[in-house]
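Colleague: what would the 3D arrangement of this be:
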Amino acid sequence: MLHRSARLLHCSARLLHRSARLLHRSARLLHCSARLLHRSVRLMHCSARLLHRPTKINPLYVTQQL
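Modeller: Residues are numbered from 1 along each chain as shown. Reported below is the predicted structural model:
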């Protein structure tokens, strides 16, 4: 009886370890994607500022209008 419960405990510990590793990997992926999203938003913001600047004709603006 004690042996069976020890085996079950060992199994559950292994599963917990595996799930923790998966969670860590997914958290790292989430962090990476969040950084990429932040960078793309900053790029979009910059391009929007460039588009809204009416001082001289922007090639970006021209290609957007086509």
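Colleague: ok now the one helix or strand His3 maps to, how far from the chain's centre?
Modeller: For His3, the element it lies in under DSSP states H and E is helix 2-52. A distance of 8 Å separates the centroid of the chain from that of helix 2-52, by CA atoms, centre = their mean, to the nearest Å.
Colleague: now for that helix, which elements pack on it?
Modeller: Here helix 2-52 touches helix 59-65, going by 3 or more CB pairs under 8 Å, 6 or more residues apart in numbering; DSSP states H and E. Glycine gets a C-beta too; all of them are placed from N, C-alpha and C.
Colleague: avg pLDDT for the helix it packs on?
Modeller: Averaged over helix 59-65, pLDDT sits at 61.
Colleague: need the helix or strand of the chain with the lowest average pLDDT.
Modeller: One helix or strand of the chain scores below all others by mean pLDDT, DSSP states H and E: helix 59-65, with a mean of 61.
Colleague: quick check: the gap between the residue nearest in space to the middle of the chain and Leu43.
Modeller: The residue lying closest to the centre of the chain (CA atoms, centre = their mean) is Ser33, at 1.8 Å. To Leu43, Ser33 is 15 Å away according to CB to CB, to the nearest Å.
Colleague: again, but for His10
Modeller: In terms of CB to CB, His10 sits 50 Å off from Leu43.
Colleague: output the below-cut-off pLDDT ranges for this protein.
Modeller: 53-66 (pLDDT under 70).
Colleague: who's sitting farthest from the centroid in it?
Modeller: Met1 (46.3 Å).
Colleague: mind listing what Cys46 touches?
Modeller: The contact partners of Cys46, by CB atoms under 8 Å, 6 or more residues apart in numbering, come to none.
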